[in-house]
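Participant: Would you be able to build a 3D model of this:
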Amino acid sequence: MKMQVPESEYAPFYGTYIGLVSEDVLADLKRQIITIPTFFREMPVEKADFAYAPGKWTVKEVLGHLIDTEHIMMYRALRIARADATPLPGFEENDYARVARYAERNMESLVAEFEALRTANMFFFTSLNDEELQRIGMASGKLISVRALLFIIAGHVLHHKRVIEQRYLI
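Facilitator: The predicted model follows:
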């Protein structure tokens, strides 16, 4: 299903992520079930705990961040799709990464978690009708639509994949 997201449905900050995704966001989300795990599985083992600069996340922490963010964006999409008008709080990604203990996990367990999470989420994503996709709620003090959240989830993954390619795998 092809769709676009009007700029009125998301905060400008998210434009970077949304701009990375095709109009067939559901196909992009589904394709990532294969392409993202493959990307991480093909990465040299020694890169898993590598950070390209002091204070930057390791590759495992980036993957953990992708998982955490998908959980949060999915929760937001669920609440808004179900017409829950409760404003949803933001989250501080660095606080999450600091306490998540990703260094204690192996890369395969993180990759498997990403696959399982995205596979489960696809049932929800593909069940949404036009009315639900267009519902708007409040998250992090900004208006956002369910449709924008789907694009953000897909684009956020692509953004971080690009960062890994450019800064971790050189």
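
Participant: Need the pLDDT of Ile170.
Facilitator: With respect to pLDDT, Ile170 scores 84.

Participant: Report the contact partners of Asp90.
Facilitator: Careful, residue 90 is Gly; it's not Asp. Residues in contact with Gly90 (C-beta atoms under 8 Å, 6 or more residues apart in numbering) are Ala139, Ser140, Gly141. C-beta coordinates here come from the backbone N, C-alpha and C atoms, glycine included.

Participant: Please look at the first one and Arg76 and confirm they touch.
Facilitator: Yes - in this structure, Ala139 is within contact of Arg76 by C-beta atoms under 8 Å, at 4.9 Å.

Participant: residues shared between the contacts of the two?
Facilitator: What both Ala139 and Arg76 touch, as defined by C-beta under 8 Å, 6+ apart, is the set Leu88.

Participant: before we move on, the earlier item: please, a PyMOL command that selects the buried ones among the contacts of Gly90?
Facilitator: Applying 16 or more other C-beta atoms under 10 Å to these leaves a buried subset, and the PyMOL line that selects it is:
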select buried, resi 139
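
Participant: just the contacts of Gly90 now: which is nearest Asn94?
Facilitator: Nearest to Asn94 among the contacts of Gly90, counting by C-beta to C-beta, is Ser140 at 15.1 Å.

Participant: buried ones in the helix or strand of the chain with the lowest mean pLDDT?
Facilitator: Every helix and strand of the chain was ranked by mean pLDDT, DSSP states H and E. The lowest is helix 93-99, at a mean of 95. Using 16+ other C-beta under 10 Å as the test for burial, helix 93-99 gives Tyr96, Ala97.

Participant: Chain neighbours aside, what residue packs nearest to His156?
Facilitator: Tyr17 (5.0 Å; C-beta to C-beta, 6 or more residues apart in numbering).

Participant: That concludes my questions; thank you for your assistance.
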